[in-house]
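Enquirer: Quick one, fold the following:
(one chain, ligands or ions: 2)
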Amino acid sequence: MLVFDLGSGAVRGMLRSGLDPLAVDRIYFTHFHPDHTVDVVPLLFAMEYGAEEPRTRPLRIAGPAPFLTFWESVRNAWGQWMFAEHTEVAELSRDDAESLELPGCRLSWAPAEHRSESIAYRLDSEYGAFVYAGDTEYSRSVVGLARDADTLLIECSFPDDTPVPGHLTPSDVARIASEAGVRRVVLTHIYPAADKIDLVAEVGRGFGGEVIVAEDGLSLEV
Ligand SMILES: [Zn+2]
Ligand SMILES: [Zn+2]
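Expert: Ligands and ions are numbered 1, 2, ... in the order given. Coordinates of the predicted model:
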């Protein structure tokens, strides 16, 4: 199982959705803010101490440079057990974006506009393409990455009348989605003010495809 980001409650959310957190094989971070990374600690703790058999299958963890510096500081804070023998960490280059062949799909990435390290990810398989934008503001690079994707999972943090740099409003989401020509957008990372408005209608003003507001436990087929 592959996961993008691990915000607070992600491990609990997997359990509630009937997914086994110990089945995670690959973790890809978009950036290092706590709402995208903190649950890596309980996840690795569970892998180390919650499994019936010691794990031998590799766990691959990657993020944009300087991911290795970030990981070193996490290890210094939480301890050596976070670097079990089965764990492999890797740093991805933000500006020389490459792609990786994974079992059954190809993973690629591109810069997002949020933090200096931020990247967005795309998975292509025979079934279609899925893009996860992480945190970003309007970004031509994210538009390029999301070109013709089936599903774009994207943040929609703030309403149009109170925009915040580094994040998206409904009209920004609509612009990215329509310029990229995606089939469907799934909205996430919704701050309280944006949670009070009709996001489906707001995004629908500038985007003709399907719009879904994500909630915990939502399961979709690509
Ligand atoms: Zn962030
Ligand atoms: Zn965030």
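Enquirer: how about the helices of this structure, start to end?
Expert: Along the chain, counting by DSSP state H, helices occupy 10-16, 34-37, 40-49, 67-78, 140-145, 170-180, 192-195, 199-204.
Enquirer: Let me know which of those helices is tucked in deepest.
Expert: Comparing those by mean neighbour count (mean count of other C-beta atoms under 10 Å), helix 170-180 comes out on top with a mean of 21. (Each C-beta comes from the backbone N, C-alpha and C, glycine too.)
Enquirer: which strands and helices sit next to it?
Expert: helix 140-145, strand 151-155, strand 184-188, helix 199-204 (3 or more C-beta pairs under 8 Å, 6 or more residues apart in numbering; DSSP states H and E).
Enquirer: Go again with 10 Å.
Expert: Contact here means 3 or more C-beta pairs under 10 Å, 6 or more residues apart in numbering; DSSP states H and E; on that basis helix 170-180 packs against helix 140-145, strand 151-155, strand 184-188, helix 199-204, strand 210-213.
Enquirer: So which of these is nearest residue 103?
Expert: Proximity to residue 103 (C-beta to C-beta) singles out strand 151-155 among the helices and strands packed on helix 170-180, at 19.9 Å.
Enquirer: quick check: angle from that closest one to strand 184-188?
Expert: 30 degrees (axes from the mean of the first three to the mean of the last three C-alpha atoms, to 10 degrees).
Enquirer: Counting by contacts, list what strand 151-155 packs against.
Expert: Strand 151-155 is packed against strand 119-125, strand 128-132, helix 140-145, helix 170-180, strand 184-188, strand 210-213, with contacts defined by 3+ C-beta pairs under 10 Å, 6+ apart.
Enquirer: Apply 6 Å and report the result again.
Expert: strand 128-132, strand 184-188 (3 or more C-beta pairs under 6 Å, 6 or more residues apart in numbering; DSSP states H and E).
Enquirer: which residues are in contact with the first one?
Expert: The set of residues that contact strand 128-132 without belonging to it, under C-beta atoms under 6 Å, 6 or more residues apart in numbering, is 4, 121, 122, 123, 146, 149, 150, 151, 152, 153, 222.
Enquirer: Quick one: buried ones out of those residues?
Expert: Among these, those buried by neighbour count (16 or more other C-beta atoms under 10 Å) are 4, 121, 122, 123, 146, 149, 150, 151, 152, 153.
Enquirer: quick one: which two of these are the most distant?
Expert: 4 and 150, at 15.8 Å, using C-beta to C-beta across those.
Enquirer: if we can go back for a sec, let's have the contacts of strand 128-132 in a markdown table, adding pLDDT and distance to residue 30.
Expert: As requested, those are exported to a markdown table (pLDDT from 0 to 100; distance: C-beta to C-beta, whole Å):
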| residue | pLDDT | distance to residue 30 |
| --- | --- | --- |
| 4 | 98 | 7 |
| 121 | 98 | 7 |
| 122 | 98 | 12 |
| 123 | 98 | 14 |
| 146 | 98 | 14 |
| 149 | 98 | 16 |
| 150 | 98 | 20 |
| 151 | 98 | 16 |
| 152 | 98 | 14 |
| 153 | 98 | 11 |
| 222 | 88 | 19 |
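Enquirer: So residue 8 sits against residue 38, correct?
Expert: Yes. Counting by C-beta atoms under 6 Å, residue 38 is a contact partner of residue 8 at 5.1 Å.
Enquirer: before we move on, back to that, nearest to ligand 1, of the helices and strands packed on strand 151-155?
Expert: Nearest to ligand 1, of all those, is strand 184-188, at 12.4 Å by C-beta to the ion.
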